[in-house]
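> A predicted structure for the sequence below; I have some questions about it.
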Amino acid sequence: MPRLFTALEIPPAVRDALAALRGGLPGARWVEPESYHVTLRFLGDIDDAMARDVAAELDGIDRPAFDLALDGLDAFGGRKPRAVFAAVAPNPALVELHAEHERLMRRIGLPAESRKFSPHVTLARLRDATSRQVADYLALRGGFRAGPFRVERFVLMSSRASVGGGPYVVEADYPLASPATAGAED
């Protein structure tokens, strides 16, 4: 059974800029550029019936497209760093889209997400990298910025069991409306 999550895709130009950051960090397992994404809501391993319910709920989302930017690099894990990521610049439209995903998934019976929403693009998963090595890497590349880029859809993705996540497959896509048509009656 695949693991499902909702996400925003990263456009090719931004993906290329992120890929240029690869290397220079011992113990890093770099995420493949085609796997870069911003997770909106992790759903986990769910059965086919729940997956159909998820798809139906997501299909009802009617939100406008918006612009998104990446603003700096950071690491998760503190003294035992476990991942390096590109942070997403604060964005109310993104927070609202995430909150709607959370509400809808709880309505159909999925448990609440246990982690605070911290939008980011994972660049590398770390194994045996010291906090000093990560700090040095971030000192050289931490000022990274990209975007803004237009977010015109979100996707339902699956991942197969593997080391470090991926490969990811888009199972369904859900367009966001142009600002003039968002919320308009059919």
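Structure received.
> how about Val155, phi and psi?
phi -130, psi 150 (degrees, to the nearest 10).
> contacting residues around it?
Thr6, Ala7, Leu8, Glu9, Val170, Glu171, Ala172, Asp173, Tyr174 (Cβ atoms under 8 Å, 6 or more residues apart in numbering). Using the backbone N, CA and C atoms, a C-beta is placed for each residue, glycine as well.
> scan these and report the most crowded one.
Thr6 (25 neighbours; other Cβ atoms under 10 Å).
> is it true that that one lies in a strand?
Yes - counting by DSSP: H, G, I helix; E, B strand; the rest coil, Thr6 is located in a strand.
> quick one: contacts for Arg145?
Contacts of Arg145 (Cβ under 8 Å, 6+ apart): Ala69, Leu70, Asp71, Gly72.
> out of those, who's nearest Gly60?
Set against Gly60, the nearest of the contacts of Arg145 by Cβ to Cβ is Ala69 (27.9 Å).
> now the host helix or strand of that closest one: buried residues?
If you go by DSSP states H and E, Ala69 is part of strand 66-76. Burial within strand 66-76, assessed by neighbour count using 16 or more other Cβ atoms under 10 Å, is assigned to Phe66, Leu68, Leu70, Asp71, Leu73, Asp74, Ala75.
> what about the second one, distance to Leu110?
In other words, Leu68. 25 Å (Cβ to Cβ, to the nearest Å).
> so the spatially most central residue of the chain, which of the three states?
Nearest to the mean C-alpha position of the chain, by Cα atoms, centre = their mean, lies Val38 at 1.6 Å. Here Val38 is recorded as strand under three-state DSSP.
> correct me if wrong: it contacts His120.
Yes - applying Cβ atoms under 8 Å, one finds Val38 in contact with His120, separated by 6.8 Å.
> quick check: mean pLDDT of stretch 89-108?
Averaged across stretch 89-108, pLDDT comes to 96.
> gap between that stretch and the chain center?
13 Å (Cα atoms, centre = their mean, to the nearest Å).
> tell me the buried residues in that stretch?
Ala89, Asn91, Leu94, Leu97, His98, Glu100, His101, Glu102, Leu104, Met105.
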